[in-house]
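Need a 3D model of the following:
(chains A and B, ligands or ions: 2)
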Amino acid sequence: MTDKAQPEMMTGAEIVLRALKDQGVKDIFGYPGGAVLPIYDELFQQDELNHILVRHEQGAVHAAEGYARSSGKVGVVMVTSGPGATNTVTGLTDALMDSIPVVVITGQVPTTLIGTDAFQECDTVGITRPATKHNYLVKDVNDIARTIHEAFYVATHGRPGPVVVDIPKDIQFQTGVYVPPEEVKHRTYHPQVKGDPAAIEQALELMANAKRPIFYTGGGVINSGMAAVEALRDLVKATGFPITSTLMGLGAFPASNEQWLGMLGMHGTYEANLAMHGCDVMIAVGARFDDRITGKVDAFAPGSKKIHIDIDPASINKVVHADVGILGDCGHVLQEMLRLWHEKNLSEKVDREALARWWNQIDVWRARDCLAYQKRKDAIMPQYAIERLWALTHEMDPIITTDVGQHQMWTAQYYRFDAPRRLMTSGGLGTMGYGLPAALGAKAANRDKPVICISGDGSIQMNIQELATAIHHDLPVKVFLLNNNYLGMVRQWQELLHGNRFSESYVEAQPDFLALAEAYHWKGMHVTRPDELDDAIREMMAHDGPVFMNVQVVNLANCFPMIPAGQPHNEMLLGEEVKSAEEAGV
Amino acid sequence: MNKPATGIPPASAYFITPEKEREELHTLAVVVDNEPGVLARIIGLFSARGYNIEQLTVSETEHERGISRITIVCRGTPHTLNQIRAQLSRLVPVHSVADLTLMGDPIERELALVKVVGEGEKRVEALRLADAFRARVVDAHTGSFVFEITGKSRKVDQFIELMKPLGLIEVVRTGIAAISRGPKPLRAD
Ligand SMILES: Cc1ncc(C[n+]2csc(CCOP(=O)(O)OP(=O)(O)O)c2C)c(N)n1
Ligand SMILES: [Mg+2]
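Ligands and ions are numbered 1, 2, ... in the order given. All right, here's what the predicted structure looks like:
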């Protein structure tokens, strides 16, 4: 015997589970079917891996996303061939857009049947190629282990993303060699993590000489991990600069801190957008200049120098020109910047007077109180509902998920996130139906934390079937439904951009949500009056089990501020309650 | 039918800004792992992002290591060409991407097989021109020739143009192979 152990032989299905275990997987979200039966058979005969049976494969991927984003681990999905695989496409695209590490294992028809239009055959790798960071069809049982290990590597290195591994059924039955993760090294994919020192120097030089600086951060900071979050917080505090972030970046910097300006972009705050517009140095970290952020690109932060730190080479210089592009992991780069900032004593160099003037200007913008809204006694304003939810729950440090629409933007504006990995939302793809399954995934990864899905009456019905998963797997999350009887965000655009023509945005024939919740064995609640709201929220949180709370809100409220069509950041629409420029002393 | 509530015309919240830079033609060398689907990935990237491919040539170059080299001629503004490079370089099976045009004036060659049918004067003229272009006769029949011509794409274009009135009936081209000048190799590391 040599000291190298005999290769371990096992069936393809056993290899799959062993590889997952060796990757540290604890939970799998999935749905069985013919082409994955051998793997499900193995699952049945073990108890290290916990399988969570969703009610639709789209839900499995969103749950895996919620799991991944709330925990920093990889979310794992298992589905069958054909319809099982095609049902994952929305979730995969969602994870791709938001850079979420997910590994999806799909069964495939036996290799001998591939290409024959066999029952439940589809070209899974072909269909998911543009929806994944990478994907594989495994045709040899001896390649299964290596491929799965590679899939985890690819999903988590560089800019994270979803990876599909398609495994034909005959391969699952065959016997082959298991290779442990340590023996797998990627042949081509080695993204740069350390930033170029010269570029970092240049960036610091710009920052130290800035008169109107601003940090603009995105989901990349959260994806990078706690080291990046801490380095960001320290650097922002050391510099004394203001900071704003994208929807995906909320929580990386605490909303309760004085230097925080709120979210930027189409529904960002007045102060954040005007500060972006007027800045002379922008430090963009792990953000990708999405069109909902920049507005009209020509008029985006005119006259500013831009520093862009990103792990993805294709994100730098894609939408706007970066004066200093730093390719690398933002954790590494921010730590290095922080170290050099102190070492070179750059705080001394900063023009304190200019910075004070900049803050004065920002305070004037803040004084307009752009999130002010009409307070009502007779009906619940949606903004008020979120404000109260925040007031009554934030000390419990809950995880919040949202669906897509006005309620999502109100959540971003009025629920003040102080920590990363507390907001799960579909930012890039804007997928209605994300919220509930994502909440279940987040709960599976964080059983000790309250999880609340803030949803809309349109969105919740896009993956409503997952109410059953919550009961089946004891995932007691809360649904806080802002029911406005409209596809509210669509209605708002129609009001503001399409001459008030509410084409198909009124939701007729709504279900009785209370009865619906109860039919799924959830506790249902229904609130219509502002004076009932606090008690209802307390009751919802105190209840030991899943609660579906239908909050009937004002139907026609609009989400402001809003940057309308074709306008630059300094041309924002504000709500009626917002102070005029004179009142605010602008 | 619902009547429009107001006369306000529809607007959009997307902002399309026209490109101002001029387009250029560049030759890229992309070294990839020769795994299934790699070509589909590259072509898919071009179509999904709206980039223009003018020419594409693929072949395995290092059999033992399973490495292929893809030569792509593409058109775009300097900004787009930059993006194409960055997008290609982040594909998982891609070893390296080089813009040969940016690195200098690369050597580029293409091969074409050209079938010409004709008799008498035209046949003689076709042979004479082929000779001038250093095209080889690789197949000859009493009524036809197949010429093999190698050179820069422009030269091949010209030859084909000249053969048209002389009885050209079929053409096949390889697309270009390109390599940089000087002692430095392009590495697949
Ligand atoms: C799957 C999907 N289909 C369509 C849309 C377009 N869309 C964006 S917001 C929205 C309305 C959402 O309505 P609701 O969930 O009730 O939220 P509200 O805006 O009323 O808060 C729609 C239809 C989308 N984002 N996702
Ligand atoms: Mg609604």
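
and stretch A:499-519, anywhere near ligand 2?
No - using CB under 5 Å from the ion, stretch A:499-519 stays clear of ligand 2, coming no nearer than 6.7 Å. For every residue, glycine as well, the C-beta is placed using N, CA and C.

Return that stretch as CSV; C-alpha atoms alone will do.
Taking Å, rounded to 0.1, in the frame of the first residue of the first chain, the C-alpha atoms of stretch A:499-519 are listed here in CSV:
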residue,chain,number,x,y,z
GLY,A,499,-51.4,59.7,-19.0
ASN,A,500,-53.2,58.0,-16.2
ARG,A,501,-54.3,55.1,-18.4
PHE,A,502,-54.4,52.2,-15.9
SER,A,503,-54.1,49.4,-18.4
GLU,A,504,-54.5,46.0,-16.6
SER,A,505,-53.0,47.2,-13.4
TYR,A,506,-56.1,46.9,-11.2
VAL,A,507,-56.2,43.5,-9.5
GLU,A,508,-59.7,42.3,-9.8
ALA,A,509,-61.0,39.2,-8.0
GLN,A,510,-58.5,39.1,-5.3
PRO,A,511,-58.6,36.0,-3.1
ASP,A,512,-59.7,36.3,0.5
PHE,A,513,-56.2,36.3,1.9
LEU,A,514,-57.3,35.5,5.4
ALA,A,515,-59.1,32.3,4.2
LEU,A,516,-56.2,31.5,1.9
ALA,A,517,-53.7,31.7,4.7
GLU,A,518,-55.9,29.5,6.9
ALA,A,519,-56.3,27.0,4.1
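
Buried ones in that stretch, by neighbour count?
A:501-502, A:505, A:507, A:513-514, A:516-517 (16 or more other CB atoms under 10 Å in any protein chain shown).

That stretch close to ligand 1?
No - Stretch A:499-519 lies out of reach of ligand 1 by CB under 6 Å from any ligand atom, never closer than 6.8 Å.

Check the offset of that stretch from the chain's centre.
Taking CA atoms, centre = their mean, to the nearest Å, one finds stretch A:499-519 lying 26 Å from the centre of the chain it belongs to.

cool, stretch A:213-229 as well?
13 Å.

Next, the buried residues of it.
Neighbour count says stretch A:213-229 has A:213-224, A:228-229 buried, by 16+ other CB under 10 Å.

Out of those residues, which is nearest to A:E42?
Checking the buried residues of stretch A:213-229 against A:E42 by CB to CB gives A:N223 as the nearest, at 31.8 Å.

quick one, what contacts A:P561?
A:267-270, A:273, A:370, A:572-575, A:578 (CB atoms under 8 Å, 6 or more residues apart in numbering or on different chains).

got a pLDDT number for it?
Listed pLDDT for A:P561 reads 96.

Confirm B:V114 sits in a helix?
No - using DSSP: H, G, I helix; E, B strand; the rest coil, the assignment for B:V114 is strand, not a helix.

Can you spell out which residues form a bridge with the residue nearest to it when sequence neighbours are not counted?
Leaving aside its sequence neighbours, B:V114 sits nearest to B:F147 (CB to CB, 6 or more residues apart in numbering or on different chains; 4.6 Å). Per DSSP bridges, the residues bridged to B:F147 are B:V114, B:V137.

for chain B, what are the low-confidence residue spans?
B:1-19, B:187-189 (pLDDT under 70).

For it, list the residues in contact with ligand 2, please.
Contact residues, chain B versus ligand 2 (CB under 5 Å from the ion): none.

ok so, going back, so who does the residue nearest to B:V114 touch?
Per CB under 8 Å, 6+ apart, neighbours of B:F147: B:113-114, B:116, B:126, B:130, B:135-138, B:159, B:163.

go again using 10 Å as the cut-off
B:112-116, B:126-127, B:129-130, B:133, B:135-140, B:159-160, B:163, B:168, B:171 (CB atoms under 10 Å, 6 or more residues apart in numbering or on different chains).

Now the buried members of those.
For the contacts of B:F147, buried by 16+ other CB under 10 Å: B:112-116, B:126-127, B:129-130, B:133, B:135, B:159-160, B:163, B:168, B:171.

B:D131 - how many residues pack around it?
11 (other CB atoms under 10 Å in any protein chain shown).

Now it, what are its backbone angles?
Dihedral pair for B:D131: phi -60, psi -40, per degrees, to the nearest 10.

Report whether the expected contact of it with B:V137 is present.
Yes - between B:D131 and B:V137 there is a contact at 9.4 Å, judged by CB atoms under 10 Å.

re the thing from before, the contacts of A:P561 in helices, which ones?
Among the contacts of A:P561, the ones falling in helices (DSSP state H) are A:270, A:273.

Report the buried members of the contacts of A:P561.
A:267-270, A:273, A:370, A:572, A:574-575, A:578.

Excluding covalently adjacent residues, which one is nearest to the residue nearest the centre of chain B?
What sits nearest the mean C-alpha location of chain B, by CA atoms, centre = their mean, is B:Q55, with 1.3 Å. Counting by CB to CB, 6+ apart, B:Q55 lies nearest to B:V73, which is 4.0 Å off, once chain neighbours are set aside.

and that neighbour, what does it touch?
B:25-28, B:52-57, B:100-101, B:108, B:110, B:153, B:175-176, B:178.

and it, that's in a helix?
No - assessed with three-state DSSP, B:V73 is strand; it does not lie in a helix.

How about it: which residues does it bridge to?
B:T27, B:Q55.

mind checking how far it is from B:I149?
18 Å (CB to CB, to the nearest Å).

all helices in the stretch 401-550 of chain A, in order from the N-terminus.
A:406-414, A:435-445, A:467-472, A:488-497, A:513-519, A:530-542 (DSSP state H, counting those that start in this stretch).

For B:E64, find the nearest of those.
Among the helices of the stretch 401-550 of chain A, the nearest to B:E64 by CB to CB is helix A:435-445 (44.0 Å).

Does the closest one reach ligand 2?
No - using CB under 5 Å from the ion, we find that helix A:435-445 stays clear of ligand 2, coming within 12.4 Å at best.

Quick one: mean pLDDT over that helix.
98.

Taking their axis directions, that helix and helix A:406-414 sit at what angle?
Between helix A:435-445 and helix A:406-414, the angle comes out at 50 degrees (axes from the mean of the first three to the mean of the last three CA atoms, to 10 degrees).

Using PDB, write out every CA atom in helix A:435-445.
The C-alpha coordinates for helix A:435-445 follow below in PDB (Å, rounded to 0.1, in the frame of the first residue of the first chain):
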ATOM      1  CA  GLY A 435     -40.000  37.200  -1.600                       C
ATOM      2  CA  LEU A 436     -41.800  34.300   0.000                       C
ATOM      3  CA  PRO A 437     -39.500  31.500  -1.200                       C
ATOM      4  CA  ALA A 438     -36.500  33.700  -0.400                       C
ATOM      5  CA  ALA A 439     -37.900  34.200   3.100                       C
ATOM      6  CA  LEU A 440     -38.100  30.400   3.600                       C
ATOM      7  CA  GLY A 441     -34.500  30.000   2.400                       C
ATOM      8  CA  ALA A 442     -33.300  32.700   4.800                       C
ATOM      9  CA  LYS A 443     -35.200  31.100   7.600                       C
ATOM     10  CA  ALA A 444     -33.700  27.700   6.900                       C
ATOM     11  CA  ALA A 445     -30.300  29.200   7.200                       C
END
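
Next, see if that helix gets close to ligand 1.
No - Helix A:435-445 stays clear of ligand 1 (CB under 6 Å from any ligand atom), getting no nearer than 8.9 Å.

OK, contacts around the nearest residue to A:Q361 once chain neighbours are set aside?
Of all residues not flanking A:Q361 in the chain, A:G278 sits nearest, at 7.4 Å (CB to CB, 6+ apart). Contact partners of A:G278, counting by CB under 10 Å, 6+ apart, are A:212, A:214, A:301-304, A:358, A:361-362, A:365, A:569-570.

Next: A:L113.
A:119, A:121, A:168-170.

now do B:H63
B:N34.

let's go with 8 Å and repeat that
So B:H63 contacts nothing (CB under 8 Å, 6+ apart).
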